[in-house]
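Chemist: Here is a sequence together with a model predicted from it:
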Amino acid sequence: MNIDDIKETIINRYQGLVPINTWGETAYFYNPGLLLKRGTYFITIKEKDGENDSSSNLNRKGVFRLSCGTTKKDFENLFKLKPHRPYKGGVIDGPYKFDELDTIIPHPVYGWIGWISVLNPSKLTFEKFLKISDNYYEEAVTRFNKKVRIK
């Protein structure tokens with residue numbers, strides 16, 4: 001799948017998202033009506049390495065990383081336990097090849113909070129990713145609603 005098809009699918013599948021482009025990344029926040037400054041993080045698509053995030057080797061031509069949070073249940077079904085928080089500038093511990101294409105793994109930096117990632121997913125892998133992000137979308141909506149009520 002190409003990055004434009006993935007972006008289009010995300011926008012069409014999930015209502016209330018606001019894409020924000022920064023630092024070689026498109027971050028999709030759930031923020032219907034722009035009621036919050038940013039909204040709640042939902043999905044990111046990163047297209048280049050950053051100073052503290054280069055383990056995916058995104059500087060390869062055409063390589064991008066699709067990431068999203070997961071529910072606790074989904075993360076445990078995929079990987080059993082959440083890894084420990086990495087040291088600043090580091091990556092999570094585990095048997096993961098962070099530069100491998102088309103494999104859903106914990107996010108190299110944010111896996112400790114339940115985020116997953118995949119580099120250049122195939123159609124089949126993207127469909128699996130969407131099933132996980134569907135569940136996380138509900139959590140993003142809930143977090144947003146709590147923030148709006150508190151505001």
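Modeler: Okay, I see it.
Chemist: Can you spell out which helices and strands pack onto the longest helix along the chain?
Modeler: In the chain, with assignment by DSSP state H, the single longest helix is helix 123-150. In terms of contacts (3 or more C-beta pairs under 8 Å, 6 or more residues apart in numbering; DSSP states H and E), helix 123-150 is packed against helix 3-13, strand 25-30, strand 40-46, strand 65-69, helix 72-79, strand 115-119. For every residue, glycine as well, the C-beta is placed using N, CA and C.
Chemist: right, so those: which one is the most enclosed?
Modeler: Ranked by mean neighbour count, the helices and strands packed on helix 123-150 are led by strand 65-69 with a mean of 25 (mean count of other C-beta atoms under 10 Å).
Chemist: Tell me which strands it pairs with, and in which orientation.
Modeler: Here strand 65-69 is paired, per DSSP bridges, with strand 40-46 (antiparallel), strand 115-119 (antiparallel).
Chemist: between the ones you listed, which gets nearest to E25?
Modeler: E25 sits nearest to strand 40-46 of all the strands paired with strand 65-69, at 4.4 Å, using C-beta to C-beta.
Chemist: sorry, back to before: for the longest helix of the chain, what is the distance to the chain centroid?
Modeler: Its chain's average C-alpha position is 10 Å from that of helix 123-150, according to C-alpha atoms, centre = their mean, to the nearest Å.
Chemist: List the contacts of K73.
Modeler: K73 is in contact with N135, counting by C-beta atoms under 8 Å, 6 or more residues apart in numbering.
Chemist: which residues of the chain score low on pLDDT?
Modeler: Residues of the chain meeting the criterion pLDDT under 70: 151.
Chemist: Can you lay out the helices and strands packed on helix 123-150 as JSON lines showing distance to Y136?
Modeler: Converted to JSON lines, those look like this (distance: least, C-beta to C-beta, whole Å):
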{"stretch": "helix 3-13", "distance to Y136": "12"}
{"stretch": "strand 25-30", "distance to Y136": "10"}
{"stretch": "strand 40-46", "distance to Y136": "7"}
{"stretch": "strand 65-69", "distance to Y136": "5"}
{"stretch": "helix 72-79", "distance to Y136": "7"}
{"stretch": "strand 115-119", "distance to Y136": "9"}
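Chemist: Would you mind giving the strands paired with strand 65-69 as CSV with distance to G33 added?
Modeler: Output for those, formatted as CSV (distance: least, C-beta to C-beta, whole Å):
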stretch, distance to G33
strand 40-46, 13
strand 115-119, 26
